[in-house]
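**Q** Curious how this folds, go ahead:
(2 chains)
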Amino acid sequence: MRVKASDLILAWLVCTAVLSMEVIGLNLPPILRLSTGATFLFTTLYLIYSGLTVVLYDDFRLDLRIALTVGAFFGVTILIGIILNATPWGLTRLSWMTSFNLIASIALFISLIGRTLKKQDTPVVWGLSLSNVSLLILAVGLTVSAFALAHIGLQAQPRYGFTQFWMLPSTPDAPTVLTLGTYSAEHTPQTYTVRLLSNGVILQDWVAIPLNPDETWETTYTIPNTGITYPITAELYRDAETVPYRRVEYWLSEINRLSESSPEP
Amino acid sequence: MNTAHSIDAPRQSVQPRRKVWGYFPEIAATQCAALVFMAAVDTAGRFSIPESEGLFWIGLSLIFTPVFFRLMLESPSRRERIALVVTTGMALFMVKILHSPASFTLHDELLHWKTVDSIMLTDRMFTENPLLPVSPSYPGLHLTTVSLAEILGISITSAGMLLLGAVRMILGVSLFGVIEHASGSQRVAGLGALIYCCNSNYVFFMGQFAYESLSLPLALLLLLLICRRGPLNYLSRLVVNMCVILFVFSIIATHHLTSYMTIGFLFGTVGIVIFWPFLERLIRAIVNWGVKRWLYRRFMRYFIPPDDAPEQYGKLEMRQAFFWTGLLVATTSLIWLLYVATATLGYLVPVFSSAFQELLSIIRQENESRQLFASEGGNVRPIVERLTAISSVLLAVMAYPYGLVEIWRRYRDRTIALLLGAASTAYFVTLTFRFTEKGWELSNRSSEFLFIGISFTTALAIISWLRVKKLRPLFLPAFTFLGTILLLGGLMSGWAYWGRVPGPYMVGADTRSIDPEGLLAAGWTEQYLPHDSRLVADRINGLLMGSYGRQYIIRSGTDNIQIAPILFENQMGEWERRLVNLTGAEYVVVDYRLTTDLPELGVFVEVGEPGGMNHTQPLSDAALGKFDLLPGVSRIYDAGNVVIYDIRVLDDAR
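**A** Numbers count the residues shown, from 1 in each chain, chains lettered A, B, ... in the order given. Down below sits the predicted model:
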């Protein structure tokens, strides 16, 4: 595999084009962001590999050159990260990509200059036959299948169903406005009833709340700040059950104390 | 490189196409089919099928055994050998990925996830991590992960897996290169690099998202570069020197122990160059006087393979680069320690000192040694597993003298070979720490570095016996079997049984304790509680809420106080209320599953807790339920097993 100068320049142009998209603030969907990001990284690695190969071709074999390229990339990343941390830009996507593009540009320069000084006499011979390639494709396919199977197994793992139930002030600034919520992690659709009580007296009922698995129900309730010293209790009932399935409570005295101690706006 | 002592068979200069890759494609496809089998085994484990653990070992053997057999032969090309080593490393890494394909579930992984997450949130390094305070001071792993996650637009978990996969490739190539340099033999290199997979930490611990997983391969690459630096021209040497400096800096910025072990290895070569001539004279005198004249001729020759090594040896190679690089690593490490990672000493010194103290007290018979093959939860492993684990250590012990004999016969003019021989000796010394409670982890972790020596000596021992042509048909299958035992036994002795195959929830068992209820509770705290609220939580919920929940978990490492009594005591007494005041605790997380069983790891909250490692009963309902009876304490979250209380009212200072 003999690397042409035009290939190197093309790789650098692709790398720079991806950076330009980031600079102009193109908001790409995740899949495109992944593919452009992968292209950016691949071209950067390719240029680093070419830069190292021009110098080390006679001394290091292919395996070591590849390992050295990836290792050097990680090493450079750590160095860049520490430098970027000291700059006003910090560790953002743009600052990473700009830095890597700079590294790719240096690698391109070394590759082009090096090619004029030192010729690569022996090209790399991969020596893979069609059957070899077929078997390796099969190997990749099997690996992907294994990963998919593991994911399916994870999703299907038996677990008991449960429901989350909560009650707490909506914001620290408004401690008398309570957020009540429930999230169903049950296996089947459920119908819930939420009952809010104060010292045994029902303040409000929310009845027949239907929730499918992975659905959330949430509401707010404003309580009168009368200085009472017993807790507000919320009970969650599932279907027609008469015993509370979940129970939470909030102490009004605590609300009062915290609101008194909070600084004036 | 000196190839005069090469023990490889003579090779043709031009190889036919078939010979270049040999059986690599076929074996790689077999390994990947074994991965599908492993995924099925993991799924079986999730469904609590008891046979899954047995099938797990079969799956591992399918990945490892064909490669071991193939690499013992003379025929494979260098390219085939190195490809087999790399794919085996990758396949064993995939075993770890298949165990938890969607998220990180190992303890240390979540600690580092937290640091990466903090960097991504703030775009800055050196943020606080109460789960592992020393972690932000070694940002190498975190920076590389952040860069991948930012550029590819993927999650931290995906970026971490990608990084670790690439790192495994570097590890395989570097290890092959180092052993090849030490032995001058591709065959020893391939077999040695494969035997390294039998290290007890290789499959899971070294595949986890932790700083060591990145730093060790970089350290090996550094060692290889120094080895290969000698015969280069000026320009190549300049580039290699720059890479050496880059890797030195990367290792120091990535992991404390790896940088110290690198210093040890590099200065070790200097020590060998200085002391070996004296030691060599002594050994030669012993060999000439006793062994060769009487013992060897009458008895030992039946047990030591024939010697066809050259009579002439060169002078011990001396590379100044080892010393200068060692000095560079030592100086830079010290600067890093003094100015950046100041918390490191406070983190490492207690671990080392308590391990040594415990070992001494065991030697003095003041203390009982740790019970091997039994979890803190009281689970003792079956006899077959114990025998396999002990056999793997015995195999390494048996191979060790043969490896040393081979080093003496063939490689005593090679510094790296002598260094690896010394590392294998040190490995056996560290095994004594396995009998201590506190030193077990020290021994386990150092094995990643020192097992390189064992890989070398064991590979040399195997190849030396395979030189006996008459016995080769017998030895090949026998060694393949024993090699598989080495792998399986290594993993059995180094990784808890509950961590190998996924399964139902267990108390205090890290990966087996992470389930949807804990994950959703952590997600709830992230959404509903102010970030960095100060939480009291058990080990697992603390881990999840400190990382995914973005909360501040009170731990002795950062707050210098044991918070566990708040969860353990049946009443909130004076000391427990004082603990709340001292630590500024705002919320308590209660997990009622802790009342069902003893923790497999011996602790409910953290090491050093009252009764830790010696708990005799689970936590009581009264201890966890006491918060319901405290006036002013609000029960803000209830998911059945996991309940969260707002305890700010207990803090008088608030």
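**Q** residues contacting the closest residue to residue B:344 other than its chain neighbours?
**A** Among residues not flanking residue B:344 along the chain, residue B:256 sits closest, at 5.1 Å (C-beta to C-beta, 6 or more residues apart in numbering or on different chains). To be clear about C-beta, it is placed using only N, CA and C from the backbone, and glycine gets the same treatment. Neighbour list for residue B:256: B:134, B:138, B:337, B:341, B:344, B:348 [criterion: C-beta atoms under 8 Å, 6 or more residues apart in numbering or on different chains].
**Q** In strands, which of those residues appear?
**A** Nothing among these maps onto strands, per DSSP state E.
**Q** thought residue B:197 was touching residue B:67?
**A** No - counting by C-beta atoms under 8 Å, residue B:197 stays clear of residue B:67, with 9.0 Å between them.
**Q** In what element of secondary structure is residue A:167 found?
**A** Element membership of residue A:167 [criterion: DSSP states H and E] is strand A:162-171.
**Q** scratch that, residue A:234 is what I was asking about
**A** Secondary structure from DSSP H and E places residue A:234 in strand A:231-238.
**Q** Which residue would you name as the spatial centre of chain A?
**A** Among the residues of chain A, the one closest to the centroid is residue A:30, at 11.0 Å (C-alpha atoms, centre = their mean).
**Q** Check that one and give its pLDDT.
**A** In this prediction, residue A:30 carries a pLDDT score of 90.
**Q** Contact partners for it?
**A** Applying C-beta under 8 Å, 6+ apart to residue A:30 gives the contacts residue B:153.
**Q** From residue B:152, how far out is it?
**A** 10 Å (C-beta to C-beta, to the nearest Å).
**Q** Then residue B:77?
**A** From residue B:77 over to residue B:152 (counting by C-beta to C-beta), the distance is 35 Å.
**Q** who has more neighbours, the two?
**A** residue B:152 (21 against 17; other C-beta atoms under 10 Å in any protein chain shown).
**Q** ok, the more buried one touching residue B:160?
**A** No - the pair residue B:152 / residue B:160 is not scored as a contact, 11.8 Å apart, by C-beta under 8 Å.
**Q** quick one: stretch A:181-194 to chain centroid distance?
**A** Chain-centre distance of stretch A:181-194: 28 Å, with C-alpha atoms, centre = their mean, to the nearest Å.
**Q** Residues in contact with it: which ones?
**A** A:161-167, A:180, A:205-219, A:234-239, A:245-246, B:516-517, B:520, B:524.
**Q** Then stretch B:225-238?
**A** A:55-56, A:58-60, A:64, A:68, A:118, B:1, B:177-178, B:181, B:240-241, B:243-244, B:247, B:266, B:319, B:321-322, B:325, B:416.
**Q** out of the residues you listed, which are buried?
**A** By neighbour count, with 16 or more other C-beta atoms under 10 Å in any protein chain shown, the contacts of stretch B:225-238 hold A:55-56, A:59-60, A:64, A:68, B:177-178, B:181, B:240-241, B:243-244, B:247, B:266, B:319, B:321-322, B:325, B:416 as buried.
**Q** related to what we said a few turns ago, which residues are in contact with both of residue B:197 and residue B:67?
**A** Joint contacts of residue B:197 and residue B:67 (C-beta under 8 Å, 6+ apart) are residue B:88.
**Q** quick revisit: downstream of the strand holding residue A:167, the next helix or strand is which one?
**A** Downstream of strand A:162-171, the first helix or strand assigned by DSSP H and E is strand A:174-185.
**Q** tell me which residues of the helix or strand just after that next one are tucked away?
**A** Downstream of strand A:174-185, the first helix or strand assigned by DSSP H and E is strand A:190-198. By neighbour count on 16+ other C-beta under 10 Å, the buried set for strand A:190-198 is A:190, A:192, A:193, A:194, A:195, A:196, A:197, A:198.
**Q** Quick one: mean pLDDT for the next helix or strand after strand A:190-198?
**A** With elements assigned by DSSP H and E, the helix or strand that comes after strand A:190-198 is strand A:201-211. Mean pLDDT, computed over strand A:201-211, is 92.
**Q** ok, and what's touching strand A:201-211?
**A** Identification of contacts with strand A:201-211 by C-beta under 8 Å, 6+ apart yields A:182-184, A:189-197, A:217, A:219, A:221, A:223, A:232.
**Q** 10 Å instead, please
**A** Residues outside strand A:201-211 that contact it (C-beta atoms under 10 Å, 6 or more residues apart in numbering or on different chains): A:163, A:180, A:182-184, A:186, A:189-198, A:215, A:217, A:219, A:221, A:223-224, A:232-238.
**Q** Repeat that for stretch A:9-20.
**A** Taking contacts as C-beta under 10 Å, 6+ apart, the residues outside stretch A:9-20 that touch it are A:3-4, A:23, A:26, A:35-47, A:50, A:94, A:97-98, A:100-105, A:107-109, A:111-112, B:151.
**Q** Restrict the residues you listed to the buried ones and give me that as a ChimeraX selection.
**A** Here is the ChimeraX selection string for the buried members of these, based on 16+ other C-beta under 10 Å:
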select /A:3,36,37,38,40,41,43,44,45,46,47,50,97,98,100,101,103,104,107,108,111,112 /B:151
